[in-house]
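>>> structure of the sequence below:
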Amino acid sequence: MARHRADREGVSVSVPQAEIDRLIEQFDPESSFRRLAGVSAGIVTVIAVALSGWHYYTAGFGLHNEIAHRAIHLCVVLGLCFLVFPRPRRMGGPWEWIVSIGLVVFYLLLGVGLLRELNDPVSTGAQAAFLAVLAALAGLSLPLKAYDGSHRHIPLRDWIFAVAAASFSLYLLLFFDDIFITRAGQHSPADLMVGVIAIVMVIEATRRTMGIFLPLLAIATVLYGIFGPYLPGDLAHRGYSVPRVVAHLYKGTEGIYGIPVGVVATFVFHFVLFGIMAQLTGLGQLFVNLATIAAGRFAGGPAKVSVVSSGLFGMISGSPIANTVTTGVMTIPLMKRVGFAPRFAGAVEASASCGGQITPPIMGAAAFIMAETLGIPYNHLILVAIVPAALHYLAILVMVHLEARRLKLAGMDPSEIPSLPAVLKASWHLFIPLVVMVTLLLMQYTPFLAAFWGITLTVACSWIPKLLGPWGRGMAGMAVGPRALVQGFEMGAKSALGIGAACACVGFVLGITTLTGMGFKFSAWVLDMSGVLAQMVVALDPLGWLQANQVTVLFGLLFTAVACIIMGAGVPTTPTYIILAAIVAPAMEQLGVPQLATHFFVFYFGVLADVTPPVALAAFAAAGIARSEPMRTGMTAFRLSMGKALVPFAFVYTPALLFIDFTWSAFLLGLVSVTVAVLGLAAAYTGFLARPIGRPAFVVFNVLCLSLVFANPMLNAVAIPAVLALLAWHARPLPAPAGAAAA
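Below is the predicted model:
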């Protein structure tokens with residue numbers, strides 16, 4: 001397969017699929033797969049295809065019981081993590097060794113602490129064997145030799161890791177009746193020793209696929225659960241023994257096998273597989289063609305094509321980096337060719353691509369976890385996401401349009417814009433799986449059954465051009481035969497490994513949070529700080545327009561937004577959402593914020609993770625395509641996201657935007673207010689309308705637009721006309737110089 005983009009002379013050139021895959025692997029740690037060959041490649045292919053096949057079968061013909069289904073999923077996923085992902089390149093300096101030795105110390109102390117606190121006696125031989133296995137795994141985790149990505153085989157060390165990672169779930173499956181029925185609630189020494197191995201291997205798998213930040217956060221929470229009595233002030237709690245912590249994290253449904261892993265095993269995996277299969281048939285190229293038809297002829301056309309195509313492709317991708325690269329190889333060179341700076345071109349693609357996670361009907365993994373956590377139907381979440389997604393793309397499109405007007409850029413040449421009838425005639429069959437899947441979701445069928453039929457019809461409809469014979473000539477897409485089916489199932493399994501390991505690791509944070517009440521402590525701190533700051537602000541309001549509760553909620557949301565942005569610099573969207581929703585949601589609920597609005601706020605800000613420097617992975621991927629400086633591209637992408645950053649605040653204060661307590665009056669008033677605010681901030685952060693926007697006007701725009709989120713009629717009556725007046729003033733062209741007028 002290949003994609004097409006324009007070079008500097010405007011000649012269409014082919015971009016091999018291998019280049020797209022290389023860029024994704026370079027910038028997306030979740031896609032940094034080994035390039036295997038020979039027997040190792042065959043073994044991995046068989047296991048990955050079997051994993052996808054098992055998920056496909058269970059989606060259509062029924063699931064196992066909850067724990068068994070999650071254990072089977074995690075058994076294969078964590079084992080594959082060590083076979084598919086190489087050891088990361090060395091960071092340089094002493095930090096890698098310091099971190100690695102710290103992990104080894106934690107592993108060994110956890111094992112020794114378990115043996116010291118066991119209630120049942122264990123033979124010396126069993127203790128020695130357990131410590132020997134633990135020490136071997138800890139020693140193998142040291143960075144004695146870094147994998148550089150060039151080898152085509154799997155080292156013996158990673159085979160050992162793979163067996164150990166699969167073994168603890170296999171243990172639960174083999175002794176399922178004894179563990180969960182015969183002695184339910186009782187924990188044998190063997191259970192707990194296997195539980196320690198489980199904690200070690202989950203941390204190592206997450207470290208392998210996601211980097212070090214999330215494992216360190218998980219370890220910190222485990223230590224918090226054990227050493228609670230020794231902590232100062234409000235951080236202190238009663239503390240729990242090592243066996244209690246290990247049993248809670250390993251054998252319960254609030255730890256490793258908690259809701260996040262359950263959602264990945266029953267929903268996310270299937271939609272990832274559908275996205276991979278849909279891309280194989282050419283659906284991504286169809287979206288780019290439709291976006292070109294819709295937006296290509298307008299000012300700065302390629303940039304608007306980038307925004308629209310990223311939104312369409314994001315519906316089936318859910319991965320910001322894959323979205324950035326897949327559409328960026330076509331749109332970024334076009335943006336540069338019409339006159340956009342490389343930095344801006346890369347930033348537009350990155351900022352737009354992050355919206356795929358909040359764009360119905362599929363969105364990202366966090367959306368499925370949200371639906372399961374809140375106990376709401378996924379089809380309801382699809383409807384709730386429509387307005388936020390529309391405002392997200394409106395903000396980017398406005399900023400792109402203003403930048404194009406500032407640079408006086410034209411649209412694409414008509415010869416570069418395909419014909420809509422021709423595109424629909426060639427690609428109509430590619431819509432069938434997506435339409436059927438969305439229809440099933442809206443009819444309240446289970447998401448995994450909808451994904452089952454989506455995958456089935458994707459393969460079946462790909463053969464329509466061949467079945468039509470002479471009438472199918474010129475139709476787009478690739479028929480998915482046995483080889484392509486194996487390729488798609490293998491890539492589907494590999495693409496779900498990173499999120500599977502991350503969700504198992506996040507289970508540590510959720511488990512300790514429920515065990516210790518850590519979320520309520522953080523909530524109390526947020527409430528206290530927000531209340532103090534709110535009283536200070538209200539005291540400065542001479543007209544009494546501001547209400548203390550509204551301002552308290554504002555500061556609570558600001559603290560949450562900052563936490564999302566900080567965590568987003570090291571943790572992907574889904575773990576960020578899971579952790580902060582568990583910790584922050586209780587505080588916002590005490591302030592009267594609807595639960596769905598709180599969770600959507602965290603979800604929306606978690607989306608900014610991939611354009612938040614210093615670790616803006618989507619922006620860095622776009623910078624690699626645009627040949628621009630990565631950090632400056634990241635800062636520009638973050639600036640392009642400022643227009644939409646106000647949207648989550650708006651739907652907290654006006655829940656009708658999320659169809660909560662819906663009335664037409666509240667919905668329309670909120671929609672007008674947030675639209676005006678988005679337009680004002682887009683203009684302010686672009687710095688140009690028909691004339692430059694100076695610093696004083698920039699400050700006024702920010703203050704007025706922020707006031708619009710409160711849904712206060714008196715504030716709106718002042719702020720909306722003021723913002724519109726400022727926009728109208730700056731939309732007036734500058735007068736021509738006197739000399740030019742005389743000429």
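
>>> let me see the ranges of the strands in the chain.
In the chain, the segments counted as strands under DSSP state E are 2-6, 12-16.

>>> show the average pLDDT along the first one.
Mean pLDDT, taken over the full extent of strand 2-6, equals 44.

>>> where does the stretch 101-250 of the chain dip in pLDDT?
Applying pLDDT under 70 to the stretch 101-250 of the chain flags the ranges 145-151.

>>> could you check how far G356 is from F313?
7 Å (Cβ to Cβ, to the nearest Å). Yep, even glycine has a C-beta here, placed from its N, CA and C like the rest.

>>> so what sits against both of the two?
N323 (Cβ atoms under 8 Å, 6 or more residues apart in numbering).

>>> in the stretch 501-650 of the chain, where is pLDDT below threshold?
When residues are selected by pLDDT under 70, those of the stretch 501-650 of the chain lie in 568-570, 609.

>>> kindly recompute the last result at 90.
502, 510, 513-595, 598-648, 650 (pLDDT under 90).

>>> just list the residues touching the residue sitting nearest the centre point of the chain, thanks.
Residue closest to the average C-alpha location in the chain (Cα atoms, centre = their mean): T573, at 3.7 Å. Contact partners of T573, counting by Cβ under 8 Å, 6+ apart, are P320, Q357, G364, A366, F603, G606, V607, A609, D610.

>>> now with 6 Å, please.
Applying Cβ atoms under 6 Å, 6 or more residues apart in numbering to T573 gives the contacts Q357, A366, G606, V607, A609.

>>> most widely separated two among the residues you listed?
A366 and A609 (10.6 Å; Cβ to Cβ).

>>> okay, those two: which has more neighbours?
A366 (30 against 27; other Cβ atoms under 10 Å).

>>> could you verify my assumption that that one touches Y577?
Yes - if you go by Cβ atoms under 6 Å, A366 and Y577 touch, sitting 4.2 Å apart.

>>> overlap of the contact sets of those two?
In contact with both A366 and Y577: F603, using Cβ under 6 Å, 6+ apart.

>>> what's the local residue count around Q595?
Q595: 17 neighbours (other Cβ under 10 Å).

>>> now G606
30.

>>> ok, back up a step: in space, what's closest to the residue nearest to the centre of the chain - neighbours in sequence excluded?
G606 (4.3 Å; Cβ to Cβ, 6 or more residues apart in numbering).

>>> do you know how far the one you found is from V709?
In terms of Cβ to Cβ, G606 sits 19 Å off from V709.

>>> equivalent analysis for I565, please.
For I565 relative to V709 (Cβ to Cβ), the value is 18 Å.

>>> more neighbours, those two?
Neighbour count, other Cβ under 10 Å: between I565 and V709, V709 has more, with 25 against 18.

>>> what residue, apart from its backbone neighbours, is nearest the more buried one spatially?
F649 is the one closest to V709 (Cβ to Cβ, 6+ apart), at 4.2 Å.

>>> then I376?
Per Cβ to Cβ, 6+ apart, closest to I376 is L596, 7.2 Å.

>>> ditto for T552
Excluding its sequence neighbours, the residue lying closest to T552 (Cβ to Cβ, 6+ apart) is A534, at 4.1 Å.

>>> contact partners for the one you found?
Per Cβ under 6 Å, 6+ apart, neighbours of A534: A548, V551, T552, F555.

>>> Provide a list of residues in contact with the second one.
Read it as V551. V551 neighbours (Cβ under 6 Å, 6+ apart): A534, V537, V538.

>>> nearest residue to the second one other than its sequence neighbours?
Once flanking residues are discounted, V537 sits nearest to V551: 5.1 Å by Cβ to Cβ, 6+ apart.

>>> for I259, see how far away that neighbour is.
Computed as Cβ to Cβ, the V551 to I259 distance reads 34 Å.

>>> phi and psi next, for the closest residue to E96 other than its chain neighbours.
Nearest residue to E96, sequence neighbours excluded (Cβ to Cβ, 6+ apart): P143, at 5.3 Å. The phi/psi pair for P143 (degrees, to the nearest 10) reads phi -80, psi 60.

>>> didn't P143 look like it was pressed against P94?
No - counting by Cβ under 6 Å, P143 stays clear of P94, with 11.2 Å between them.

>>> ok, now how distant is V709 from P648?
Taken as Cβ to Cβ, the span from V709 to P648 is 9 Å.

>>> now swap in M363 and tell me
15 Å.

>>> check contacts around M475.
A426, P465.

>>> same thing but 8 Å
Neighbours of M475 in contact, by Cβ under 8 Å, 6+ apart: K425, A426, S427, H429, I464, P465, L468.

>>> can you select the buried ones from these in PyMOL?
Selection of buried members from the contacts of M475 for PyMOL, criterion 16 or more other Cβ atoms under 10 Å:
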select buried, resi 426+427+429+464+465
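
>>> and the contacts of M475, which two are the farthest apart?
Across these (Cβ to Cβ), the longest gap, 13.5 Å, separates S427 and L468.

>>> return the distance of I583 relative to V509.
I583 is 9 Å from V509, by Cβ to Cβ.

>>> these two: who's more crowded?
Set side by side, I583 and V509 show more neighbours around V509, with 26 against 22, by other Cβ under 10 Å.

>>> quick one: contacts for the more buried one?
Contacts of V509 (Cβ under 8 Å, 6+ apart): L217, A218, T221, I578, I579, A582.

>>> of the residues you listed, closest to A138?
Once Cβ to Cβ is applied, the member of those that ends up nearest A138 is A218, at 16.3 Å.
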